[in-house]
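Enquirer: I'd like to go over a predicted model; first the sequence, then the structure.
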Amino acid sequence: MQSKISVKELSNEIIFKVEGDFDNLLSIKYKNLITEIIARKRCDLVVFDLSNVSFIDSSGIGLLLGRYKQICEYKGQLIICGINSNIKKTIAISGLAMIIETYEDIYENIKGLVNVYE
């Protein structure tokens, strides 16, 4: 599977759907685009849907952490959803799960459970 990121922009949220390996190649390819979209929209909620991610490395973790810091600057919220057991383990080991809400289910199924902080 080719790694890629698709974007869904709603009124006050952005959903980034990542597919394939969330690695250095993907991070380099999409980091500027993701950063620009977040800076332009300044949404209350930014979602990274990792339900189709098979692997994440330190570059993927770094991209998520950088966007978390960017979003916190304007008091927005970042969540990660659709994580499988391998991704969950990597996120836990990295410490990312201690600062970013993570969900095993896909975003469509947890929408009502997410608290958006204003």
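Expert: Alright, I've got the coordinates. Numbers count the residues shown, from 1 in each chain.

Enquirer: going forward, measure contacts and count neighbours with C-alpha atoms only.
Expert: Will do.

Enquirer: Which positions within stretch 11-25 qualify as buried?
Expert: Within stretch 11-25, the residues that count as buried by 16 or more other CA atoms under 10 Å are Glu13, Ile14, Ile15, Phe16, Lys17, Val18, Glu19, Gly20, Asp21, Phe22, Asp23, Asn24.

Enquirer: show me the contacts for the closest residue to Ile100 other than its chain neighbours.
Expert: Closest residue to Ile100 apart from its sequence neighbours, by CA to CA, 6 or more residues apart in numbering: Ile79 at 6.0 Å. The contact partners of Ile79, by CA atoms under 8 Å, 6 or more residues apart in numbering, come to Leu45, Val46, Val47, Phe48, Ile100, Glu101, Thr102, Tyr103.

Enquirer: Each with direction, which strands does the helix or strand where Ile79 lies pair with?
Expert: Using DSSP states H and E, Ile79 sits in strand 77-81. Using DSSP bridges, strand 77-81 pairs in its sheet with strand 45-56 (parallel), strand 101-102 (parallel).

Enquirer: Which stretches in the protein count as helices?
Expert: With DSSP state H, the ranges of helices along the chain come out as 24-41, 58-72, 85-94, 107-110.

Enquirer: for those, which one ends up most surrounded?
Expert: Burial of the helices of the chain is given as mean neighbour count (mean count of other CA atoms under 10 Å); helix 58-72 ranks first at a mean of 17.

Enquirer: Pull the distance from that one to the chain's centre.
Expert: 8 Å (CA atoms, centre = their mean, to the nearest Å).

Enquirer: same check, this time on stretch 58-77
Expert: Centre-to-centre, stretch 58-77 and its host chain are 8 Å apart (CA atoms, centre = their mean).

Enquirer: got the contact list for it?
Expert: By CA under 8 Å, 6+ apart, the residues outside stretch 58-77 that reach it are 22-24, 26-27, 31, 35, 38, 42-46, 78, 91, 94, 96, 100, 116-118.
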